[in-house]
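> Can you look at this prediction? I've put the sequence above it.
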Amino acid sequence: MNFISYILFISLPFFMNGREVFTLNKSASVNVKVGDLKPSDKEYLVAKLKKPLKIDANWDKAQWKKIETIKIENYMGTVSAFKPTVEAKMMYDAENVYLIFRVQDKFVKSTVTNINGCVSCDSCVEFFFSPDKDEPLKYFNIEINAGGTPLLQYATQPRKKYLALENDEIKQIEIAHSLPAVVDPEIAEPVTWTIEYRLPLSVLRKYSNVTNPAPGVIWKANFYKTGSKTSNPNYITWNFVDNPKPDFHLPQFFGVIKFQ
């Protein structure tokens, strides 16, 4: 073993953290630097819901207690002056997926109240996902601001070919939020807010094939937090997105969610 190979060998453990494994950039030369290392796609194991779940935005209720937490902490663009702490959890049953987000935040604003409005201009949490295993670059994006107003679209070509779902379809999503529907003026001091929802798979099937959640089934997805028009703009992702400007509509950077 030559000297360079030896150094790479003994350094490998320092680039591993839980399930996140750092891999060598394929274009890297023998003289590897930290900047040449790229994190692999993250994987989240989605547990099956075992008993009915009340949608009430309560992060601490029993059904969520033992569910693995998703850490949303990769920044796109300029890192905001204040860094929110953003977490999520996910479960499923035969007909629905369930998500809950908890954000420890400041500079929180929520003024958009019309469905499919610019909710990402407000303090907002987002779930982008490809439910068809054969079409991983076609995806739904559900975005919900801190006041509980949703946007839901289906994209076959990012930002070019997409359909906004009808209001009556979106209203089938059961959403709970801890803050009032309108937060204005902005809350500048520390505040924790939560969003919880039940998304029926039937809402999706009109627009896309859905590979039904079941043990071993994999979807591609990413989880986000934003607040583009707040006084503390932020663009935060779960799976790393390699793009110089903030853009969540890049399905090639979705991570893996695997149903259990």
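Good, I have the coordinates. Residues are numbered from 1 along each chain as shown.
> So which bits of stretch 252-260 are buried?
F253, F254, G255, I257, F259 (16 or more other CB atoms under 10 Å). For glycine as for every other residue, the C-beta is placed from the backbone atoms N, C-alpha and C.
> Which strands and helices lie in contact with the stretch of helix or strand the fourth one belongs to?
Using DSSP states H and E, I257 sits in strand 255-259. Strand 255-259 makes packing contacts with strand 43-48, strand 218-226 when contacts are defined by 3 or more CB pairs under 8 Å, 6 or more residues apart in numbering; DSSP states H and E.
> on that earlier part again, including pLDDT, could the buried residues of stretch 252-260 go into TSV?
Listed next are the buried residues of stretch 252-260 as TSV, based on pLDDT from 0 to 100:
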residue	pLDDT
F253	97
F254	97
G255	97
I257	97
F259	98
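> right, and out of the residues you listed, which lies closest to M91?
Comparing these against M91 with CB to CB places F259 closest, at 9.6 Å.
> what's the closest residue to Y44 other than its chain neighbours in contact with, if anything?
Using CB to CB, 6 or more residues apart in numbering and skipping the chain neighbours, the partner closest in space to Y44 is I257 (4.9 Å). By CB atoms under 8 Å, 6 or more residues apart in numbering, the contact set of I257 is E43, Y44, L45, V46, M90, F129, I218, W219, K220, A221.
> Repeat the analysis, applying 7 Å as the threshold.
Y44, V46, M90, W219, A221 (CB atoms under 7 Å, 6 or more residues apart in numbering).
> Including pLDDT, could the residues you listed go into CSV?
CSV is the format used below for the contacts of I257 (pLDDT from 0 to 100):
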residue, pLDDT
Y44, 98
V46, 98
M90, 98
W219, 98
A221, 98
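> what's the closest of the residues you listed to C121?
A221 (22.9 Å).
> Just the pLDDT at the closest residue to the closest one other than its chain neighbours, thanks.
Leaving aside its chain neighbours, A221 sits nearest to F129 (3.9 Å; criterion: CB to CB, 6+ apart). On pLDDT, F129 comes in at 98.
> Show me the beta-bridge partners of F129.
F140, A221 (DSSP bridges).
> now it: how far from A57?
As judged by CB to CB, to the nearest Å, F129 and A57 stand 21 Å apart.
> V46 now?
20 Å.
> Between these two, point out the one with more neighbours.
V46 (23 against 20; other CB atoms under 10 Å).
> give the contact list for that one.
V46 neighbours (CB under 7 Å, 6+ apart): M90, M91, Y92, I257, K258, F259, Q260.
> Going along the chain, name the helices of the stretch 51-200 of the chain.
62-65, 167-170 (DSSP state H, counting those that start in this stretch).
> Any chance of JSON lines for these, columns distance to I100, mean neighbour count and mean pLDDT?
Below are those laid out as JSON lines (distance: least, CB to CB, whole Å; neighbours: other CB atoms under 10 Å; pLDDT from 0 to 100):
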{"stretch": "helix 62-65", "distance to I100": "6", "mean neighbour count": "14", "mean pLDDT": "96"}
{"stretch": "helix 167-170", "distance to I100": "19", "mean neighbour count": "14", "mean pLDDT": "98"}
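> Format the ones you listed as a markdown table; extra columns: distance to S110.
A markdown table is the format used below for the helices of the stretch 51-200 of the chain (distance: least, CB to CB, whole Å):
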| stretch | distance to S110 |
| --- | --- |
| helix 62-65 | 23 |
| helix 167-170 | 17 |
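> Out of those helices, flag the one nearest F240.
Once the helices of the stretch 51-200 of the chain are compared by CB to CB, helix 62-65 is nearest, at 25.6 Å.
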